[in-house]
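Colleague: could you look at this predicted model? Sequence included:
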Amino acid sequence: MVTNGVGLLEARQVWKSYVHRRRRLHVLRGIDFAIRTAEVACVIGPSGAGKSTLLRVMAGLERPDAGEVLLDGVPVVAGSPRLGVMFQSPLLLPWLRVWENVMFGARFLPSVETSREQALVVLERVRLHDLADQPVTQLSGGQAQRVALARALIRRPTFLLLDEPFNNLDMPTRRELGAAVRELALNDGVGVLLVTHDIDEALALGDRILVLAPEVGTFAREFAVPASAPARARLRDEILATLEALGTTAILT
Amino acid sequence: MQPELSIPTSYALPQRSATRRVSRWAHGSVPLASVVVLLGAWWAVTAQPWFGPRAVLSSFTPQATFPVFVQLLSQGVLIEQGWISIRRVLLALALASIVGVTLGLALGSSRLAERTVAPALHVVRTVSPLSWMPLVIMLLGIGDLAVIFLIAIAAVWPVLFSTLGGLHQLDREWVMMARSVGAKRHQILFHVAIPAVLPQIVNGMRVAVGLAWVVLVPAEMLGVTSGLGYWLLNTRDRLAYSELMAVILAIGLIGLALDTAIRALALLLPGARR
């Protein structure tokens, strides 16, 4: 079992704005939503819609202007032991070897064992154990993202927050890593929040899809992803129609 | 044992190529070639009649210098005086590194501190280290301490500004990643920022070694009675020009050795894996 608990990660009336060129830009305006363990919730929207901001706020990495993010009723802080985060790039530390990068994920957690053996166990799950002693500079993009996934998993997170982590990967590697994330939700009960601008990725991996409306700063629609392929194709059209109504279809395929 | 996730493996580690071996050979031989060219130029220049009167000139030639160099080496003079100078430079470098890295990290961690302090530091930096000589002698007296302090003043700037520059280039995403795994401010400093800027610190130290060695000679002319700088003055006063050239040769060779040593040291640091 990977997770260290069951629970609910929820955003309550979250507002977030930035000052850009002396103008205050409201990115999130009263976001309300929750994700449960053992489900994959996908947030889609075009670039600049505030998806990454939402994820960082959910991870406690940015403080909302108003509202709160709660994990089982307790406010989330950066580095919460029950959260694992993956970013667009793997952000591996080049002076550390593969297993040391994995261990870095649990280094500051008193509750998790931080031995090489523990790192090797997690690396085995992402099938990189025989590269454990390699410098990370020798890894391919896909291998580096697997190490980043292992770094998140060594924390035994209840929730995994993914900020477009498959963006720069080739299609087969994208599918493989996507399948791995789906397995984590199905088999290990991890709750996954996946931020993406790829509608097909969201349809393939998600249980739910939330469409973040740009400039509006709230979810325009929420869709449950059906199991059958024809129903998913119809949902795809429906989501595209929603986005078209919002004036943002260009980047979503 | 936890089950594997369904991710196939596809590892192909880069192999060391013949091109890489050739470039490594070329990389090693180029510095040697430049030393040979330098020696050749020395010989060619001192062999020219327009360089000076033959009697004086003969003392400056490589032919006259090398036997004296070997003699001073076998007598232990160069080793003894060289070690005194090296010890002063190393102590000054240690002092400059501690002050430079600490100050660089402190300023780099706070934008307000940098904005406040950096202009004053730039003012002090532009003053030649040798300008501090009278003040340093008044405060510390004549001796090792004054020499070490003067060298440290020259060596501190490259270390400080390399550290600061390294922090400016630090990938902010690394900091966010570290925060996401629960690292606190001081843990980010020790586990992310310092290892990340280590290559810049080492580069700063390489520049510092060069500057320290340049400042050493005039600093050792400050009334001390030992060290290669003092020995240089001594040979000049005795009109022993071949000895003077031998000491200059020793200064150059030790400078090269120190630079090589610090580069070798840099390869042992974790940053060398990058």
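Modeller: Okay, I see it.

Colleague: show me what residue of the stretch 151-274 of chain B gets nearest to chain A.
Modeller: As assessed by C-beta to the nearest C-beta, chain A sits closest to B:Gly182 within the stretch 151-274 of chain B, at 2.9 Å. For glycine as for every other residue, the C-beta is placed from the backbone atoms N, C-alpha and C.

Colleague: so who does that residue touch?
Modeller: Shown in contact with B:Gly182 (C-beta atoms under 8 Å, 6 or more residues apart in numbering or on different chains): A:78-81, A:108-109.

Colleague: which residue is the nearest non-sequential neighbour of it?
Modeller: A:Gly79 (2.9 Å; C-beta to C-beta, 6 or more residues apart in numbering or on different chains).

Colleague: ok, back up a step: which among the contacts of B:Gly182 gets closest to chain B?
Modeller: Nearest to chain B among the contacts of B:Gly182 is A:Gly79, at 2.9 Å by C-beta to the nearest C-beta.

Colleague: just the buried residues of the contacts of B:Gly182.
Modeller: Buried by 16 or more other C-beta atoms under 10 Å in any protein chain shown: A:78-81, A:108-109, out of the contacts of B:Gly182.

Colleague: how many other residues sit next to residue 161?
Modeller: I'll assume chain A. 27 (other C-beta atoms under 10 Å in any protein chain shown).

Colleague: wrong chain, I was asking about chain B
Modeller: 21.

Colleague: so which helix or strand takes in it?
Modeller: helix B:144-168 (DSSP states H and E).

Colleague: mean confidence for that helix?
Modeller: On average, the pLDDT along helix B:144-168 is 93.

Colleague: could you identify the helix or strand that succeeds that helix?
Modeller: Defined by DSSP H and E, the subsequent element after helix B:144-168 is helix B:172-180.

Colleague: tally up the residues packed near residue 100, please.
Modeller: Since you didn't name a chain, this refers to chain A. With other C-beta under 10 Å as criterion, A:Glu100 counts 19.

Colleague: can you look at chain B instead?
Modeller: 26.

Colleague: ditto for the one 10 residues further on
Modeller: Using other C-beta under 10 Å, B:Ser110 is surrounded by 12 other residues.

Colleague: repeat for A:Glu238
Modeller: A:Glu238 has 12 nearby residues by other C-beta under 10 Å.

Colleague: please apply the same query to the one 3 residues further on.
Modeller: A:Ala241 has 12 neighbouring residues, counting by other C-beta under 10 Å.

Colleague: skipping its backbone neighbours, what lies nearest A:His129 in space?
Modeller: Per C-beta to C-beta, 6+ apart, closest to A:His129 is A:Leu123, 4.4 Å.

Colleague: that neighbour: what's it in contact with?
Modeller: Per C-beta under 8 Å, 6+ apart, neighbours of A:Leu123: A:98-99, A:102, A:129, A:131-132, A:147, A:150.

Colleague: after whatever helix or strand it lives in comes which helix or strand?
Modeller: Using DSSP H and E, A:Leu123 falls within helix A:116-125. As assigned by DSSP H and E, the chain's next helix or strand after helix A:116-125 is helix A:141-153.

Colleague: pull out the buried positions in that next one.
Modeller: So helix A:141-153, judged by 16+ other C-beta under 10 Å, has buried residues A:142-153.

Colleague: same list (those residues) but as CSV, adding distance to A:His20 and pLDDT.
Modeller: Below are the buried residues of helix A:141-153 laid out as CSV (distance: C-beta to C-beta, whole Å; pLDDT from 0 to 100):
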residue, distance to A:His20, pLDDT
A:Gly142, 34, 90
A:Gln143, 36, 93
A:Ala144, 31, 95
A:Gln145, 30, 93
A:Arg146, 35, 93
A:Val147, 34, 96
A:Ala148, 29, 96
A:Leu149, 32, 95
A:Ala150, 36, 95
A:Arg151, 32, 96
A:Ala152, 30, 95
A:Leu153, 35, 94
